[in-house]
Every structure is written in structure tokens, then in C-alpha cells.
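# Next comes the sequence, and after it the predicted model I'd like to discuss.
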Amino acid sequence: MEEKIKEICRSFGIPGKPVSYKEITVGNVNKTYKVDFVCENGTVKSYVVQQINTYVFRNPAQVMANIEKITEHINKKKPDGSFLHYLHTPEGETYIHDKTGYWRICGYIPSITFSVCDDLEAVCSAGEAFGEFQQLLSDFDASTLFETIPDFHNTVKRYKTLEKDVQNDPLGRVKEVKRELDWLFSVKEIACKMTEMKNAGLLPLRVTHNDTKINNVLFDKETKKALTVIDLDTVMPGLAGHDFGDAIRSAANYVAEDSKEYEKAGVNLDIFKAFAKGFISKTAHTLTENELSTLSLGCFVLACEQAVRFVDDYVTGDKYYKTTYPEHNLDRTRTQTALAKDMLDKMDAMNSIVRYILTECGK
Ligand code: GN1
Ligand code: MG
């Protein structure tokens, strides 16, 4: 692998000499490496080299075309270099395609990430970062974006796929997840409510991030302030409440997404409040009443949708998400289902917090 990574770096014409590399294991889809280069003047500069997962992203050229447009748009508005910069090859391409797959490189931003986080200020700052991201793209022409994964947050379709895969039960695993499946199907109607509202024109399509996990935010190591959001692979037209919900289901869970202690999973309302405060402070005056009143529902919806995706991957043989042991998707399913259950119990409390924050924002 080391030779391959060096070769990719050479193709992008990175100056200097590569001195070390290591895999960044955060992230469930692409393969990511940090590579350090020593420049001629002796300084060290680092880059992030990524191999795009072509099982998940069937058309990487379209993914990169989207990313090129989005980064250009945001870097124009934030010329301080705080946002992502993808390298171009001497031929002007943002990716290399060879028999090993699709590769891309962006500058490394010194930072830390969290998979769970109990620092309320850091979480509030992450909320601001995702809120600001939506704002920065609010004047972006969504029709110029490819739909890199069609129906990505179409919860109705996610349920339909699961129903079919459960019926086929190709590996005989359905019996292991019977309890989780029964519960997920029992809440299907409410879990699908936002997709139905979107289809009925009650929720507007915006340009959204669509993968707002807390580990897709880079934080300053010292101040714990959010530096930038990363992972632009799924930036597409979507619902504001889905971005909010996806962030809460990852940031506010008491335990990590793949914890084996699923009975401890649940939504920490202090974290919920901190993230909501940051996110709403940036978006309160642009989101519609329907969008604001479905933010808490979005958390439940995304937790259910995620549980549906994890259990589906388990039932069909772990082809989508990276797994490091055989029951990895089973643990993810149980933890995510337990989180969704707790969110349903706390829906009124979450709604009250949102209303309180909106009043504070003068809404
Ligand atoms: C994947 O790659 P990563 O870890 O940011 C997935 C998300 C899921 C997440 C669950 C393109 O995100 O949708 O919410 O795993 N990304 C894609 O951990 O499917
Ligand atoms: Mg991702």
C-alpha cells in the first residue's frame, strides 16, 4: 500500500519527499490515509489521500464534480483557507482513476475529531458549523449537483429495501434481529413522516450535507472550536431536518454508534440542547415553520433510518459498511434501535428545547 500511496502522490505532483503515512480509521466507507511530506526548506506538510469506495459511490467522477463545485463556492466565501482544498493533477483532474480504483487528495487540516463528545461548547460549535454550512450553500444552484446516491435519505425506500431483504433472508440472519426488526416496522409510519412531507411539498429541498456525523467535524485541539465540516461526498439536495437529526443521532448518543452496551444508548438532552443552540442560531431565520417544527422528529427519523440501514447490511452480508468483526453491524443495529426508542420517549422534551431556543433567537 505504501508504494501505491506514494505513486498517487506523485501523480498529483506533490512537491517534496513523502516521509511517513498512516491510515485514518474514522469513517465507515472510504479508505483514508494521512501522508507527511518534507518540503525542500525542511518543513513538513501533510495531505489526506483517499480511495473512494466504489461499492457505495457508483459514479466517483460525479462525486468529485460535485465536490469541485461546492469547495469552489465555499472557498470563495471563506478565503481564509479554513475550508477543504482538493488537489488537482497537472492535467487539472481532481481524481486519479486506475485499475486499483479512484483516488483523491486534499490538504490536511491539523485537528482532532470526536466519535462521541460530552464537551457542550464543542458540540454547540459543531452545530454552528453545520448550520453555517447550509447557509453558505443556500445560494448554490442545486440543479448543478449530481444525485451521487439516489434516494439517500428516502426513508420509505429504505424500509421497502429492508422488507424485501428480510423476506429473502439470504444468510439466515433474520432470526438474530427479530426483536429489532419488529420494533422498527412498528414505528414505520412515523419514521417515514418526513419523506412523506417532502413528497407532499410540505418541506423544501435545500442543498444539505447529508452525513452530519460529529466525526465529520474537525475541531481545534486546544480551543475545541469547530474548524470545518468535512466529507462532502453526499452533499446533495436534501432536508434541513435530516442534517440536524443525523448530527444528533451521532453526537448526542450516550454511547458510540457501534457500542456493545446498547442498553445504555439514548439521547443526552444536554448535548441535544447544545447542538440545537448552535445549529438554530445560524438557521432560525431561514428555515420555514414546518422545518423548525420537525427538527426533533428528524432525530428520530434518522436514528430509525440508520438502524434500518445497519440491519439491512447485516441481513445481506455486510457489503456496505466497513466492519472489523462479524457482529459489527449487529451491534450497530441494536445500539441505533435503542437510541431511536429513547428518542421517541423524549420527543416532547426535545420539542420544548427547540421552542425555547427559538424564543431566545427572537422567533
Ligand atoms: C457512513 O463514511 P461515514 O462514516 O462518514 C455513511 C453514512 C452513515 C454512517 C454511519 C455515504 O458515513 O450515511 O450515516 O456511515 N455514508 C454513506 O456511521 O453511506
Ligand atoms: Mg461519509
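On my side now, so go ahead. Ligands and ions are numbered 1, 2, ... in the order given.

# so residue 142 touches residue 235, yeah?
No. Using Cβ atoms under 8 Å, residue 142 is not in contact with residue 235; the gap is 9.9 Å. Every residue, glycine included, has its C-beta placed from N, CA and C.

# residues in contact with residue 53?
If you count contacts by Cβ atoms under 8 Å, 6 or more residues apart in numbering, residue 53 has them with 29-31.

# Specify the local secondary structure of the residue nearest to residue 212 when sequence neighbours are not counted.
Distances taken as Cβ to Cβ, 6 or more residues apart in numbering put residue 247 closest to residue 212, at 4.1 Å, once the chain neighbours are dropped. Classification of residue 247 by DSSP: H, G, I helix; E, B strand; the rest coil places it in helix.

# how close does residue 247 sit to ligand 1?
10 Å (Cβ to the nearest ligand atom, to the nearest Å).

# what's around that residue, how many residues?
Around residue 247 there are 32 other residues, counting by other Cβ atoms under 10 Å.

# Please, where are all the helices along the stretch 1-150 of the chain?
Applying DSSP state H, counting those that start in this stretch to the stretch 1-150 of the chain gives helices spanning 2-11, 60-77, 120-136.

# Give me whichever of these is most buried.
Most buried of those, by mean neighbour count (mean count of other Cβ atoms under 10 Å): helix 120-136, with a mean of 22.

# Which strands or helices does that one pack on?
If contacts are counted by 3 or more Cβ pairs under 8 Å, 6 or more residues apart in numbering; DSSP states H and E, helix 120-136 sits against helix 60-77, strand 206-208, strand 217-219, strand 226-229, helix 240-251, helix 269-283.

# possible to save those as JSON lines with mean pLDDT?
What follows is the helices and strands packed on helix 120-136, written out as JSON lines (pLDDT from 0 to 100):
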{"stretch": "helix 60-77", "mean pLDDT": "97"}
{"stretch": "strand 206-208", "mean pLDDT": "95"}
{"stretch": "strand 217-219", "mean pLDDT": "97"}
{"stretch": "strand 226-229", "mean pLDDT": "97"}
{"stretch": "helix 240-251", "mean pLDDT": "97"}
{"stretch": "helix 269-283", "mean pLDDT": "98"}
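
# tell me which parts of the stretch 101-250 of the chain are close to ligand 1?
211, 213, 216, 231, 233-234 (Cβ under 6 Å from any ligand atom).

# contacting residues around residue 87?
Residue 87 neighbours (Cβ under 8 Å, 6+ apart): 12, 14, 47, 94, 104-107.

# Equivalent analysis for residue 34, please.
Applying Cβ under 8 Å, 6+ apart to residue 34 gives the contacts 21-22, 24, 46-49, 108.

# ok, it to residue 214 distance?
20 Å (Cβ to Cβ, to the nearest Å).

# wait, residue 181 sits on residue 169?
No. Counting by Cβ under 8 Å, residue 181 does not reach residue 169; the two are 10.7 Å apart.
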